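# Please find the sequence and the predicted model below.
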Amino acid sequence: MPLAKYGVWTPSAGVICFKCHGPQFNSGSYNVNSEIWRELQKEQPLKKGNAITFCDKCYSAIQLIESVAEEHNMVARLRETGIDATMVQTGGMCSAGEIPISSGYYLFTYSFDGDKTWWVVEYDEEGIPVNTVEHLNTHTADAMFESLVKLMNICEKKETEPPGSAS
């Protein structure tokens, strides 16, 4: 069974291990000398409903709720290819990946309703949804990655074409 430290999804859209976060939380704090605090910093067997990703600060393997971990891993893969993707907190501690485009941005999310499906929604510059990209909705991270890379290549081509040229 895979092992990883427990991680934290922060209100500022950070994905970090407990050690990097520190003991202070909005809901209270941990005693740094307590057994609970020490256990939170040790590698643990992967908990049901979690997936493995990495700490944004120290890059150690951490486990988080599956949707956040999968989105975080997708953001990392996209960034490795040069796509300007980031994690965002969408309200109520929900998460999504965001990719800016000239006309607004795309948000992508995994298992939003517990269905283990990737979804992409296009938003205009004012944050109004303009299009759910139905053909990108998929169950696998690899298929979603390939689809997002293709989508960004299409967006980039449209942005660099002279006005009135055929696409």
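Alright, I've got the coordinates. Values in this document were obtained by computation on a predicted structure and should not be read as measured data. Residues are numbered from 1 along each chain as shown.
# Break the chain into its domains for me.
When the chain is parsed with automatic domain parsing, its domains come out as 3-66, 68-160.
# Pick out the shakiest of those, pLDDT-wise.
Among the domains of the chain, domain 68-160 has the lowest mean pLDDT, at a mean of 87.
# Any idea how far that domain is from the middle of the chain?
Computed by CA atoms, centre = their mean, to the nearest Å, the chain-centroid distance of domain 68-160 equals 9 Å.
# Mean neighbour count added to the domains of the chain, as TSV?
Heads up, the C-betas are built off the backbone N, CA and C, glycines and all. Below are the domains of the chain laid out as TSV (neighbours: other CB atoms under 10 Å):
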stretch	mean neighbour count
domain 3-66	15
domain 68-160	16
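# gap between residue 125 and residue 103?
Separation of residue 125 from residue 103 (CB to CB, to the nearest Å) stands at 7 Å.
# With residue 143 instead?
Separation of residue 143 from residue 103 (CB to CB): 25 Å.
# Let me see the contact set for residue 133.
By CB atoms under 8 Å, 6 or more residues apart in numbering, residue 133 lies in contact with 106, 120, 121, 122, 151.
# out of those, who's nearest residue 81?
Nearest to residue 81 among the contacts of residue 133: residue 151, at 12.3 Å, using CB to CB.
# Over to the closest one. Which of the three states is it?
Following DSSP: H, G, I helix; E, B strand; the rest coil, residue 151 is assigned to helix.
# Go ahead and confirm it touches residue 101.
No. Judged on CB atoms under 8 Å, residue 151 makes no contact with residue 101 at a distance of 9.1 Å.
# okay, and the common contacts of the two?
Contacts common to residue 151 and residue 101, judged by CB under 8 Å, 6+ apart, are absent.
# Residue 10 contacts residue 16, doesn't it?
Yes. Between residue 10 and residue 16 there is a contact at 6.6 Å, judged by CB under 8 Å.
# For the chain, just list every one of the helices.
Assigned by DSSP state H, the helices in the chain fall at 18-21, 35-40, 66-80, 141-160.
# what's the closest of those to residue 131?
The nearest among those, by CB to CB, is helix 141-160 at 11.2 Å.
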